[in-house]
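Participant: no sequence on this one, just coordinates:
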């Protein structure tokens with residue numbers, strides 16, 4: 001967006017369009033994750049992310065109206081991935097080990113966010129992007145001509161690697177649940193579950209802290225990027 005000279009109000013909307021899938025689809029992604037083996041759900045979710053990257057990479061976003069549409073698709077894949085990666089823990093492990101396993105998942109998620117931010121900065125570095133753009137495939141015009149496109153190509157490869165790992169997630173044999181017939185019924189069940197969580201003392205703490213943590217993180221991400229561009 002910066003390289004294309006986009007207006008300054010546009011970059012913050014990237015986060016909005018990414019997160020909106022988590023909010024709008026929250027009642028339904030969990031039901032979808034329970035309908036299929038968790039490994040297959042994660043595989044499908046990564047395929048959706050790859051399609052979003054390809055939309056950015058090959059200009060399909062112009063047909064959909066904006067780069068934001070492609071990023072919203074990546075958010076859709078991320079939203080569908082989350083209930084599967086957490087839900088599979090309850091299929092693998094007894095209740096006594098769920099806190100430890102959840103700690104590993106959360107720790108690795110935060111680590112991946114930090115490392116991913118570093119990787120993104122490295123990929124748009126002039127020297128690194130120059131090396132990526134110098135890679136030439138004989139008789140094939142990839143259409144990758146800018147540092148941003150080279151970076152997105154690498155990210156698409158990362159998602160492809162993750163999808164390949166998902167193929168090796170074993171089937172746990174847990175009985176699958178059918179999707180509710182009516183979406184309103186799914187929404188009603190979701191509201192009921194949220195009410196139970198917010199009335200539970202430990203659930204209140206978990207939800208409140210998580211909400212504050214990710215909400216502050218979303219704001220700080222753009223504040224720090226803008227500060228770094230000005231001060232550094």
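Facilitator: All right, it came through fine. These numbers were taken from a predicted model, which means no experiment stands behind them. Residues are numbered from 1 along each chain as shown.
Participant: Would you mind listing the buried residues in the helix or strand where residue 192 lies?
Facilitator: Per DSSP states H and E: residue 192 is located in helix 183-199. For helix 183-199, a neighbour-count test (16 or more other CB atoms under 10 Å) marks residue 186 as buried. Glycine gets a C-beta too; all of them are placed from N, C-alpha and C.
Participant: Could you list the residues in contact with that helix?
Facilitator: Residues outside helix 183-199 that contact it (CB atoms under 8 Å, 6 or more residues apart in numbering): 26, 27, 28, 30, 31, 179, 180, 203, 204, 206, 207.
Participant: could I get the residues you listed as a markdown table with pLDDT?
Facilitator: As requested, the contacts of helix 183-199 are exported to a markdown table (pLDDT from 0 to 100):
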| residue | pLDDT |
| --- | --- |
| 26 | 88 |
| 27 | 89 |
| 28 | 90 |
| 30 | 87 |
| 31 | 86 |
| 179 | 70 |
| 180 | 71 |
| 203 | 90 |
| 204 | 93 |
| 206 | 88 |
| 207 | 90 |
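Participant: Most widely separated two among the residues you listed?
Facilitator: 179 and 204 (29.3 Å; CB to CB).
Participant: So the two - more neighbours on which side?
Facilitator: residue 179 (15 against 12; other CB atoms under 10 Å).
Participant: So that one sits against residue 35, correct?
Facilitator: Yes - using CB atoms under 8 Å, residue 179 is in contact with residue 35, at 5.2 Å.
Participant: circling back: might you specify the subset of the contacts of helix 183-199 located within helices?
Facilitator: 26, 27, 28, 30, 31, 203, 204, 206, 207 (DSSP state H).
Participant: Could I have the buried ones of these as ChimeraX selection syntax?
Facilitator: Selection of buried members from the ones in helices among the contacts of helix 183-199 for ChimeraX, criterion 16+ other CB under 10 Å:
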select :27,28,30,31
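Participant: Going by distance to residue 55, which of the ones in helices among the contacts of helix 183-199 wins?
Facilitator: residue 28 (22.4 Å).
Participant: check contacts around that closest one.
Facilitator: Residue 28 neighbours (CB under 8 Å, 6+ apart): 183, 186.
Participant: if I look at it, how far off is residue 128?
Facilitator: Using CB to CB, to the nearest Å, one obtains 39 Å as the distance from residue 28 to residue 128.
Participant: Same check on residue 96?
Facilitator: Distance of residue 96 to residue 128, given as CB to CB: 45 Å.
Participant: and the residue nearest the centre of the chain, what does it touch?
Facilitator: The structure's the chain has its C-alpha centroid closest to residue 78; by CA atoms, centre = their mean the separation is 3.1 Å. With contacts defined as CB under 8 Å, 6+ apart, the neighbours of residue 78 are 18, 21, 22, 45, 49.
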